[in-house]
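Participant: Coordinates for the following, if possible.
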Amino acid sequence: MTLLSKTITTFGSLFLAHACYSAREHAALQSLRAATSASLTSSPTAASSLPIDIVIETIVSTFIILLGLVLGTRPLRPLEWRVWAGKIEREGEQGFTDNSGVVDKDYMGNPFAVLESRPNFVDIRKQRRQFAKWVQEGSGKQGQ
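Facilitator: From the prediction side, this is the model:
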């Protein structure tokens with residue numbers, strides 16, 4: 001995460017903590033009011049909801065946290081192997097760095113490197129001839 005995204009996420013977290021504290025204080029104040037009014041009158045009081053400013057602060061702080069987290073994510077990798085391999089061919093290891101310039105820990109190089117470095121196809125006919133020659137040489141030595 002970059003410094004900007006960390007800062008935005010921290011401010012959003014502080015605002016959310018303040019909203020939670022305000023909601024808790026409001027609930028404590030309402031329960032105290034309900035207890036005092038219940039001792040004075042025998043009729044039950046209606047439960048009150050949170051004030052609109054606490055609700056708005058909670059929603060806004062959640063969106064601020066989300067903005068900070070989205071800004072801090074690294075770019076998405078291509079889904080198709082051919083696109084991913086093309087990106088590796090063009091950009092190399094630098095194409096898989098995160099926002100802070102560190103190479104992605106999941107970077108494993110060219111996915112087609114195994115195919116490009118494999119030995120040539122085996123010539124079965126050549127091996128069959130070599131085997132037949134080996135058998136003939138072996139059987140000829142056994143007969144002597």
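Participant: Report the residue ranges of every domain in the chain.
Facilitator: Here the chain is described, according to automatic domain parsing, as comprising the domains 3-73, 113-143.
Participant: Please tabulate these in JSON lines, including the columns mean neighbour count.
Facilitator: The way it works is simple: take the backbone N, C-alpha and C, and place the C-beta from them, glycine included. Rendered in JSON lines, the data for those read as follows (neighbours: other C-beta atoms under 10 Å):
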{"stretch": "domain 3-73", "mean neighbour count": "13"}
{"stretch": "domain 113-143", "mean neighbour count": "9"}
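Participant: average model confidence for stretch 64-80?
Facilitator: Over the span of stretch 64-80, the pLDDT mean works out to 84.
Participant: Regarding it, how distant is the last residue from the first?
Facilitator: Using C-alpha to C-alpha, to the nearest Å, the span of stretch 64-80 from its first residue to its last is 33 Å.
Participant: Ok, which of the domains of the chain comes nearest residue 80?
Facilitator: Proximity to residue 80, assessed across the domains of the chain by C-beta to C-beta, is greatest for domain 113-143 (16.3 Å).
Participant: can you give me the mean pLDDT across the closest one?
Facilitator: Computed over domain 113-143, the average pLDDT equals 74.
Participant: Residue 23 contacts residue 51, doesn't it?
Facilitator: No. The pair formed by residue 23 and residue 51 falls short of the contact definition of C-beta atoms under 8 Å, at 9.1 Å.
Participant: before we move on, the earlier item: mind putting the domains of the chain into a markdown table with distance to residue 79?
Facilitator: As requested, those are exported to a markdown table (distance: least, C-beta to C-beta, whole Å):
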| stretch | distance to residue 79 |
| --- | --- |
| domain 3-73 | 16 |
| domain 113-143 | 20 |
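Participant: That's all I had, so thanks and see you.
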